[in-house]
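# let's see this in three dimensions:
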Amino acid sequence: MYADLNFPELAGFKESETYPQKRNAVEDDYIEGHVRIILWKVIERLIASDTFSQLHLASPFRVGYEFHDGDLLVLRILNWPTRENILPL
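Purely as a prediction, here's the structure:
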């Protein structure tokens with residue numbers, strides 16, 4: 001988990017007059033919106049390449065991300081329990 005990532009090039013861009021501003025309160029910040037797309041594509045590629053099969057996964061196993069000031073966003077749920085792998089009470 002990374003607590004803080006710093007990109008000096010992006011900091012200068014964010015402070016510039018050419019930085020795209022949000023049009024409304026629900027719209028993502030320009031950089032955060034693009035980071036969301038990148039994270040989604042990385043997670044989809046990891047799933048497509050069967051990377052998670054090498055791990056012992058909880059059931060169910062959530063794959064997602066969380067920004068510093070937001071809620072956990074679950075993009076996919078893997079290893080969903082079925083009737084066959086649920087222990088009887």
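# now the helix or strand bottoming out on mean pLDDT in the chain: how far from the chain's centre is it?
For the chain, counting by mean pLDDT, DSSP states H and E, helix 8-15 ranks last in confidence among helices and strands (a mean of 83). Here the centre of helix 8-15 is set off from its chain's centre by 22 Å, with C-alpha atoms, centre = their mean, to the nearest Å.
# for stretch 66-79, same thing?
Chain-centre distance of stretch 66-79: 6 Å, with C-alpha atoms, centre = their mean.
# what of stretch 75-85?
Computed by C-alpha atoms, centre = their mean, the chain-centroid distance of stretch 75-85 equals 19 Å.
# buried set for that stretch?
For stretch 75-85, the neighbour count (16 or more other C-beta atoms under 10 Å) marks residue 79 as buried. C-beta here means a position set from N, CA and C on the backbone, and glycine is covered the same way.
# average pLDDT for that stretch?
Averaging pLDDT along stretch 75-85 yields 83.
# still on that earlier bit, past the least confident helix or strand of the chain, which element shows up next along the chain?
Moving toward the C-terminus from helix 8-15, the next helix or strand (DSSP states H and E) is helix 30-48.
# now for that following helix, which elements pack on it?
Applying 3 or more C-beta pairs under 8 Å, 6 or more residues apart in numbering; DSSP states H and E, we find helix 30-48 packed against helix 8-15, strand 61-65, strand 73-78.
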